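Undergrad: How does the following fold in three dimensions:
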Amino acid sequence: MISFSANLGFLWTDRSLPEAIHAAKAAGFHAVECHWPYATPAEDVVAALHETGLKMLGLNTQRGNTDSGENGVAALSGREADAQRFIDQAIAYAVAIDCNNIHVMAGFTDKGEVARSTFAANLRYACQAAAAHGKTILIEPLNRYDAPNYHISTLDEAQAVLQTVAAPNLKIMFDCYHMQIMGGDLLRRFKQSAADIGHVQFASVPDRTEPDSGEVNYVWLLNELAAAGFTGPLGAEYKPRTTTDAGLGWLNSF
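TA: Sure thing, here's the model as predicted:
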């Protein structure tokens, strides 16, 4: 049976994080995930998760200086102290709310050797720290149109990072939206990379709205991913066309 996780970085953003968790439960989601929950006290999130019976699947490390356009710092040479501080913060918050996955954000780079070695070193630090708590570190390729110059933009680049770091608790976030834009052939590439994939997300392409239009037939694809062995809740990470509640009709397709 397919199950779904509501990404509260995009869904019910007009509500507090605890209120959004309750909204996800009421809508029929089986789990939740978020982007940057750090402004909300962890005990408030724990209470909402306990009240709803939902699990928080993942969160992101801080982006850095958003005023200057940063989108992660883990691959930025000279920012190692910030990267490790953000990693420590994310792991501590994940432990407090019983969240299994931490997405370490790389940032914008020239993809050169210095950036690659910096990212690898910070990921080794993250994997070692996360392993002590039984947590998984995720990296995510972001497509070059939405995030030009992001350090990893393809599945091949992400797999090269995994090979370099060689940590058993380092996995790939397989976001169908980004993957479709950066190569398509989603089911075949998922099957070829299944052992390296820690979480799956989805949204319509090219609009990144509800998964009921566009290039990808998600009713077919998501069932095929489940048939191929993905057992976790699938992450609905899309930007609602109007309100979150008004756009939930796609759930009926499953």
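
Undergrad: hang on, V114 is in a helix, isn't it?
TA: Yes. The assignment for V114 by DSSP: H, G, I helix; E, B strand; the rest coil puts it in a helix.

Undergrad: which ones are touching the nearest residue to it once chain neighbours are set aside?
TA: Leaving aside its chain neighbours, V114 sits nearest to S77 (5.0 Å; criterion: C-beta to C-beta, 6 or more residues apart in numbering). Every residue, glycine included, has its C-beta placed from N, CA and C. Going by C-beta atoms under 8 Å, 6 or more residues apart in numbering, S77 touches V114, A115, T118.

Undergrad: do that again at 10 Å, thanks
TA: T109, G112, V114, A115, S117, T118, F119, A121 (C-beta atoms under 10 Å, 6 or more residues apart in numbering).

Undergrad: Now that we have those, which of them are buried?
TA: Neighbour counting with 16 or more other C-beta atoms under 10 Å marks T109, A115, T118, F119, A121 as buried within the contacts of S77.

Undergrad: closest to E215 among those residues?
TA: For E215, the nearest member of the buried ones among the contacts of S77 is T109. The distance, counting by C-beta to C-beta, is 28.6 Å.

Undergrad: separation between A24 and L225?
TA: As for A24, its distance to L225 is 21 Å (criterion: C-beta to C-beta, to the nearest Å).

Undergrad: and what of Y218?
TA: 10 Å.

Undergrad: which residues are common contacts for these two?
TA: A shared contact of Y218 and L225, defined by C-beta under 10 Å, 6+ apart, is any residue touching both; here these are C176, L186, F202, L234.

Undergrad: of those residues, closest to D44?
TA: Taking C-beta to C-beta as the measure, D44 lies nearest L234 of these, at 26.2 Å.

Undergrad: What about the closest one, how many residues nearby?
TA: Residue neighbour count, defined by other C-beta atoms under 10 Å, stands at 24 for L234.

Undergrad: any chance you could map the helices in the stretch 101-250 of the chain?
TA: Secondary structure of the stretch 101-250 of the chain (DSSP state H, counting those that start in this stretch): helices at 113-131, 155-165, 176-181, 186-193, 218-227.

Undergrad: isn't I97 right up against E33?
TA: No. The pair I97 / E33 is not scored as a contact, 11.3 Å apart, by C-beta atoms under 10 Å.

Undergrad: what is in contact with those two at once?
TA: Contact with both I97 and E33 is made by residues K55, M56, L59, according to C-beta under 10 Å, 6+ apart.

Undergrad: PyMOL command to pick out the buried ones of those residues?
TA: One line in PyMOL is enough to select the buried ones among the shared contacts of I97 and E33; burial here means 16+ other C-beta under 10 Å:
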select buried, resi 55+56+59
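
Undergrad: Filter the shared contacts of I97 and E33 down to just the ones in strands.
TA: When DSSP state E is applied, the shared contacts of I97 and E33 are split such that L59 fall in strands.
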